[in-house]
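Asks: Need a 3D model of the following:
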Amino acid sequence: MADDTIIQGDALTIPGNVAEIAALQEDISNRRLLSLDSPDLLAQAQMIVLKGAGGSDTLTSLKRYRDEVAAAPLRLKGWTTLTTVGSLIAHILRYRQPDTTLYASVDADGLTASLTAIYNEAGRHGYEPDLSADDDQQAALRKMIGATALVAPADAPVFAGWGDHTVSYPYPVSPEWTAWYKLHKRCRAALDGTGQGLTQEDLAEWLSDHAMDWAMVDGQTSDPMIDDWVASLASQGAAIAKPSQLMALSRGLTINVDTKVTSGVRLETGEVQLTYETEHKGPAGGTLTMPRYAVIRIPVFDHDPMMRHIGVDIRYRIAGGNIRWYLLLHRPDMAFVLAARATAQRAAEATGVPLYYGAPPQASARV
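Replies: Just a heads-up that it's a prediction; the model follows:
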């Protein structure tokens, strides 16, 4: 084979020096080209067989040499990670294909989640149903399985996909969620005997520092979980603290920060009335009424406009005149899961891509 050999396919032509490709071969006669039929590509896949030093043949693809001079790759591939759900939606709208799919993986125990779109997933390429004849059936199927895209009939052909062009959103948690969940774990550990609760000074500072997180719950919210919790407490006569009450409480705790508690009485509303042994007087003349329950409204995920209502259970323990406070979130695992699913559903509805709950196929299974 001469040095000016042309390696030519149906779509790409590369002026190449085959002798350079196999420059380490001692005998040029030991090189030979193989053309492999590839019906789904415009060009044939060409390979070169090189004779190794030990006499064994080595099969080497020439694709990378083709790609070096091609105007563009034969197909899109790559893995992208984005930090906002808005960017994820925009990315999917830009690159989505007929078989693009979304996978939402949510771990309620570890409180982690990921949302991954696979653009070149296996599926029924280019399937377009007859909406006029199948609209009612499609609507019923989508309602039953929670799908956000059209459902292909069972007899539609299925094609393999490379599955190596993806974009993911790792659900980065917000600073507000991080702070509250860290406090929740600290207080839970303290109640279990492996840590310390909040002092009065700690609680006063926390109530003040997180003043923007407290929520007024007056009637129904858009969050069924918090509505059910509030309704359950109301049926027991318990009251939910208002943000103004918590701010007044913060000031009262600051006044009594160096004093001892002589008694704590739980009222019918679930609130706790504390009596202090001091010359400093609280708003009720030596007593403070501490609410048992409150609600916060925070974003679970960073840069996510969706806010989540989460209940807070305020507990205390008195020992030797000293009081320790414990702020526990109501079902933080469910709050996280519901927030993650709501974000995934929003992305699916905005892009028209079918959504599946679970881990996406592993990379090794997609290539």
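Asks: List the buried residues in stretch 174-191.
Replies: S174, E176, W177, W180, Y181, L183, H184, R186, C187, R188, A190 (16 or more other C-beta atoms under 10 Å). (C-beta placed from N, C-alpha, C; glycine too.)
Asks: element containing the fourth one, please.
Replies: The one in question is W180. Assigning secondary structure by DSSP states H and E places W180 in helix 175-191.
Asks: Just the mean pLDDT for that helix, thanks.
Replies: Mean pLDDT, helix 175-191: 95.
Asks: just the CA coordinates of that helix, formatted as CSV?
Replies: Extracted as CSV, the C-alpha positions of helix 175-191 are listed here (Å, rounded to 0.1, in the frame of the first residue of the first chain):
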residue,chain,number,x,y,z
PRO,A,175,-28.5,27.1,53.2
GLU,A,176,-31.8,27.4,55.0
TRP,A,177,-32.4,23.6,54.8
THR,A,178,-28.9,22.9,55.8
ALA,A,179,-29.1,25.1,58.9
TRP,A,180,-32.5,23.7,60.1
TYR,A,181,-31.7,20.1,59.4
LYS,A,182,-28.4,20.4,61.2
LEU,A,183,-30.2,21.8,64.2
HIS,A,184,-32.8,19.1,64.0
LYS,A,185,-30.1,16.4,64.1
ARG,A,186,-28.4,18.1,67.0
CYS,A,187,-31.6,18.3,69.1
ARG,A,188,-32.6,14.7,68.2
ALA,A,189,-29.2,13.5,69.4
ALA,A,190,-29.5,15.5,72.6
LEU,A,191,-32.9,14.0,73.4
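Asks: Give me the contacts around it.
Replies: Residues from elsewhere that reach helix 175-191 (C-beta atoms under 8 Å, 6 or more residues apart in numbering): 111, 173, 195-198, 206, 210, 213, 296, 298-302, 310, 315, 324-329, 332, 336.
Asks: Now, of these, which are buried?
Replies: Here, 16+ other C-beta under 10 Å leaves 111, 173, 197-198, 206, 210, 213, 296, 298-301, 310, 315, 324-329, 332, 336 buried among these.
Asks: Got the confidence number for A359?
Replies: 90.
Asks: Chain neighbours aside, what residue packs nearest to it?
Replies: Using C-beta to C-beta, 6 or more residues apart in numbering and skipping residues adjacent in sequence, the residue nearest A359 is S105, 4.8 Å away.
Asks: Now do the same contact list for that neighbour.
Replies: A113, S114, L115, T116, Y357, G358, A359, P360.
Asks: Make a markdown table out of those and add neighbour count, secondary structure and distance to A70.
Replies: A markdown table is the format used below for those (neighbours: other C-beta atoms under 10 Å; DSSP: H, G, I helix; E, B strand; the rest coil; distance: C-beta to C-beta, whole Å):
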| residue | neighbour count | secondary structure | distance to A70 |
| --- | --- | --- | --- |
| A113 | 23 | strand | 39 |
| S114 | 18 | strand | 33 |
| L115 | 24 | strand | 33 |
| T116 | 21 | strand | 29 |
| Y357 | 13 | strand | 39 |
| G358 | 9 | coil | 37 |
| A359 | 12 | coil | 34 |
| P360 | 22 | coil | 29 |
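Asks: Quickly name whichever of the residues you listed is closest to Q236.
Replies: The closest of the contacts of S105 to Q236 turns out to be A113 (C-beta to C-beta; 33.3 Å).
Asks: what sits against the closest one?
Replies: A113 is in contact with A104, S105, V106, D107, P170, Y171, F336, A340, counting by C-beta under 8 Å, 6+ apart.
Asks: In CSV: those residues, plus pLDDT.
Replies: Formatted as CSV, those follow (pLDDT from 0 to 100):
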residue, pLDDT
A104, 95
S105, 94
V106, 93
D107, 93
P170, 96
Y171, 96
F336, 96
A340, 95
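Asks: Give the ChimeraX command for selecting the buried subset of the residues you listed.
Replies: For the buried members of these, the matching ChimeraX selection, counting by 16+ other C-beta under 10 Å, is:
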select :104,105,106,171,336,340
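Asks: if we take the contacts of A113, which one ends up nearest to G219?
Replies: Proximity of the contacts of A113 to G219 was ranked by C-beta to C-beta; the top entry is F336 with 25.0 Å.
Asks: The closest one should be in a helix, yeah?
Replies: Yes: when DSSP: H, G, I helix; E, B strand; the rest coil is applied, F336 is found to be in a helix.
Asks: List the contacts of it.
Replies: Here F336 is in contact with V106, A108, L111, A113, W177, V300 (criterion: C-beta under 8 Å, 6+ apart).
Asks: neighbours around the residue nearest to K242 when sequence neighbours are not counted, how many?
Replies: Using C-beta to C-beta, 6+ apart and skipping residues adjacent in sequence, the residue nearest K242 is M216, 5.9 Å away. By the criterion of other C-beta atoms under 10 Å, M216 has 12 neighbours.
Asks: could we number from 34 for the rest of this?
Replies: Taking 34 as the first residue, the last one we looked at is M249.
Asks: Can you show me the helices along the stretch 134-283 of the chain?
Replies: 164-178, 208-224, 233-242, 257-268, 276-288 (DSSP state H, counting those that start in this stretch).
Asks: a markdown table for those, including distance to V102?
Replies: As requested, the helices of the stretch 134-283 of the chain are exported to a markdown table (distance: least, C-beta to C-beta, whole Å):
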| stretch | distance to V102 |
| --- | --- |
| helix 164-178 | 45 |
| helix 208-224 | 49 |
| helix 233-242 | 61 |
| helix 257-268 | 58 |
| helix 276-288 | 66 |
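Asks: Out of those, point me to the one whose mean pLDDT is lowest.
Replies: Mean pLDDT is lowest for helix 164-178 among those, at a mean of 51.
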